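Student: One predicted model, sequence on top.
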Amino acid sequence: MTFPVVGMIGGGQLARMTHEAGIPLGIRFKLLSDTPLDSAAMVAGEVVIGDYRDLETLRAFAEGCDVITFDHEHVPTEHLRVLEADGIAVRPGPDALVHAQDKGVMRARLDEIGVPSPRHRIVDNPADVTAFAEEVGGFPVILKTVRGGYDGKGVWVVRSEADAAQPFRAGVPVLAEEKVDFVRELAANVVRSPHGQAVAYPVVESVQVDGVCDTVIAPAPDLGADVSARAQQLALTIAKELGVTGHLAVELFETRNDDGTPGILVNELAMRPHNSGHWTQDGAVTSQFANHLRAVLDLPLGDPRPRARWTVMANVLGGDYPDMYQGFLHCMARDPQLKIHMYGKDVKPGRKVGHVNTYGDDLDEVRERARHAADYLRGTITE
Ligand code: ADP
């Protein structure tokens, strides 16, 4: 029997790490990438260079694939419907994926299934924003373009009606949300397969700096068992109700109710491996990448439980030094347990070019080791 071919659309680091996870299983991996220099295109065996927005490119790519999956959410759903009509398995399918593409559709659906979100409304102009702000307790409010945002691009904190003009300029529908006074950001990651098996990873804390994920702590420190179970249950419910197959990341805000009890609100969804799950490579029995592959192939899912008391992931952002390899000597010598994952991307200031994982029993120490390595590789510290 031949091993299956997984076709992944998008050549970023998520594809690179998914490919890596398939190697020990003998899974064949085919990639559709924008350029030969994309992170995964540099390492995958079978690479097609082409535009994922072009239907004929997608159809030619899908030929010979047992399943199509994604490193990003941007493939037009109408094209995916054509692939499905051609008899290709697309996971997650277009009916699920649209909720990760369009924040307006996502909010409407979460309302329908009773999942708590920040108060929100689609707005058409700055006067609408003012009316919305008055209903939710005044400015500031958050405006988001419903499509095309990432890493905080496409998100504005708006303090007055005059401030509200910018988001409308792109000509894309705009979603207004109350500005949540959250205690911290969490992520509940689950994986679901087509026949309905699902697993939930421990809920993690994700620390954002300037709209970009900086550090992830697994499990989220001091998170009550009840809130944690509620967050996992919400993510499993969303995966089931939206028909998600593969990895689903549910980004959450932890809030404090007036009576001091914690609450959770859903911020957004990602239907692919996610930055908040990178810790699983070294900190869980089965990584998010391995489980994403198992799920899209409808294989039994792997154990999501942690392998250490604490695991910390810190993103390595590009700094002023283009040569990060120089930092390996010091980082590896200082911490033999350090796990480094580089994406092979050109170093540009602020760009995610890799991450490190550390694990152990003492959270302060585990966090310090991850922070040190990420900062040292970036060049912001020198010892
Ligand atoms: P992106 O698609 O760019 O990741 P998000 O919707 O996740 O956009 O928003 C990016 C960041 O902006 C969030 O991680 C959070 O810190 C902040 N943010 C987003 N929505 C709200 C909100 N309603 N209230 C407060 N902060 C928010």
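Tutor: Yes, it's here.
Student: Now the residue most central in space within the chain. Nearest residue, chain neighbours left out?
Tutor: Central residue of the chain (Cα atoms, centre = their mean): His274, 2.9 Å from the mean position. The shortest distance from His274 to any residue other than its chain neighbours is 3.5 Å, reached at Ala249 (Cβ to Cβ, 6 or more residues apart in numbering). C-beta coordinates here come from the backbone N, C-alpha and C atoms, glycine included.
Student: Spit out the contact partners of that neighbour.
Tutor: By Cβ atoms under 8 Å, 6 or more residues apart in numbering, the contact list for Ala249 reads 187-189, 269-272, 274, 276-277.
Student: repeat that with 10 Å
Tutor: Each residue near Ala249 by Cβ atoms under 10 Å, 6 or more residues apart in numbering is listed here: 100, 187-190, 201, 204, 206, 235, 268-277, 288.
Student: Look up phi and psi at it.
Tutor: Ala249 has phi and psi values of phi -100, psi 130 when expressed as degrees, to the nearest 10.
Student: What strand or helix carries Ala314?
Tutor: Using DSSP states H and E, the element containing Ala314 is strand 310-317.
Student: what pairs with that strand, and is each one parallel or antiparallel?
Tutor: strand 212-218 (antiparallel), strand 352-360 (antiparallel) (DSSP bridges).
Student: Columns mean neighbour count on top of these, output as TSV?
Tutor: Formatted as TSV, the strands paired with strand 310-317 follow (neighbours: other Cβ atoms under 10 Å):
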stretch	mean neighbour count
strand 212-218	22
strand 352-360	23
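Student: Pipe these into CSV and attach distance to the ligand and mean pLDDT per row.
Tutor: CSV is the format used below for the strands paired with strand 310-317 (distance: least, Cβ to the nearest ligand atom, whole Å; pLDDT from 0 to 100):
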stretch, distance to the ligand, mean pLDDT
strand 212-218, 8, 96
strand 352-360, 13, 97
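Student: For the residue nearest to His274, list each beta-bridge partner.
Tutor: Asn189, Ala270.
Student: Now Asn267: closest residue in space, sequence neighbours ignored.
Tutor: Distance criterion Cβ to Cβ, 6+ apart; nearest residue to Asn267, sequence neighbours excluded, is Glu251 at 4.3 Å.
Student: Spit out the contact partners of the one you found.
Tutor: By Cβ under 10 Å, 6+ apart, the neighbours of Glu251 are 185-189, 206, 208, 213, 265-270, 274-276.
Student: Just give me the neighbour total for the closest residue to Val285 other than its chain neighbours.
Tutor: In space, Val285 comes closest to Asp303 once its chain neighbours are excluded; the distance is 3.9 Å by Cβ to Cβ, 6+ apart. By the criterion of other Cβ atoms under 10 Å, Asp303 has 11 neighbours.
Student: and Asp303, how far is that from Arg272?
Tutor: 21 Å (Cβ to Cβ, to the nearest Å).
Student: One more: Lys153?
Tutor: 18 Å.
Student: So these two - more neighbours on which side?
Tutor: Arg272 (25 against 10).
Student: quick one: Gln233 and Gly114 touch, right?
Tutor: No: assessed by Cβ atoms under 10 Å, Gln233 is found out of contact with Gly114, at 12.0 Å.
Student: same for the lengthiest helix in the chain, what does it pack against?
Tutor: Looking across the chain with DSSP state H, the single longest helix is helix 225-242. Counting contacts by 3 or more Cβ pairs under 10 Å, 6 or more residues apart in numbering; DSSP states H and E, helix 225-242 packs against helix 94-101, helix 103-112, strand 184-192, strand 198-200, strand 246-256, strand 262-270.
Student: ok, whichever residue of the stretch 251-383 of the chain sits closest to the ligand to Gly260 distance?
Tutor: Nearest to the ligand in the stretch 251-383 of the chain, going by Cβ to the nearest ligand atom, is Glu268, at a distance of 4.7 Å. Distance of Glu268 to Gly260, computed by Cβ to Cβ: 27 Å.
Student: Who has more neighbours out of those two?
Tutor: Between Glu268 and Gly260, Glu268 has the larger neighbour count (other Cβ under 10 Å), namely 17 against 6.
Student: want to try TSV for the strands paired with strand 310-317, with distance to Phe132 as columns?
Tutor: Shown next, in TSV, are the strands paired with strand 310-317 (distance: least, Cβ to Cβ, whole Å):
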stretch	distance to Phe132
strand 212-218	27
strand 352-360	33
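Student: element containing Ala290?
Tutor: Assigned by DSSP H and E, Ala290 falls in helix 288-296.
Student: Now do stretch 245-261: distance to the chain's middle.
Tutor: 15 Å (Cα atoms, centre = their mean, to the nearest Å).
Student: Just the C-alphas of that stretch, formatted as PDB.
Tutor: C-alpha atoms of stretch 245-261 as PDB (Å, rounded to 0.1, in the frame of the first residue of the first chain):
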ATOM      1  CA  THR A 245     -11.200  19.300  10.500                       C
ATOM      2  CA  GLY A 246      -7.600  19.600  11.500                       C
ATOM      3  CA  HIS A 247      -6.100  21.900  14.100                       C
ATOM      4  CA  LEU A 248      -8.300  24.800  15.400                       C
ATOM      5  CA  ALA A 249      -6.800  27.600  17.500                       C
ATOM      6  CA  VAL A 250      -9.300  29.600  19.500                       C
ATOM      7  CA  GLU A 251      -7.800  32.900  20.700                       C
ATOM      8  CA  LEU A 252      -9.400  34.000  24.000                       C
ATOM      9  CA  PHE A 253      -9.500  37.000  26.300                       C
ATOM     10  CA  GLU A 254      -9.600  36.200  30.000                       C
ATOM     11  CA  THR A 255     -11.700  38.800  31.800                       C
ATOM     12  CA  ARG A 256     -12.600  39.600  35.400                       C
ATOM     13  CA  ASN A 257     -16.300  39.800  36.200                       C
ATOM     14  CA  ASP A 258     -17.600  42.400  38.600                       C
ATOM     15  CA  ASP A 259     -17.800  39.700  41.300                       C
ATOM     16  CA  GLY A 260     -14.200  38.900  40.800                       C
ATOM     17  CA  THR A 261     -14.800  35.600  39.000                       C
END
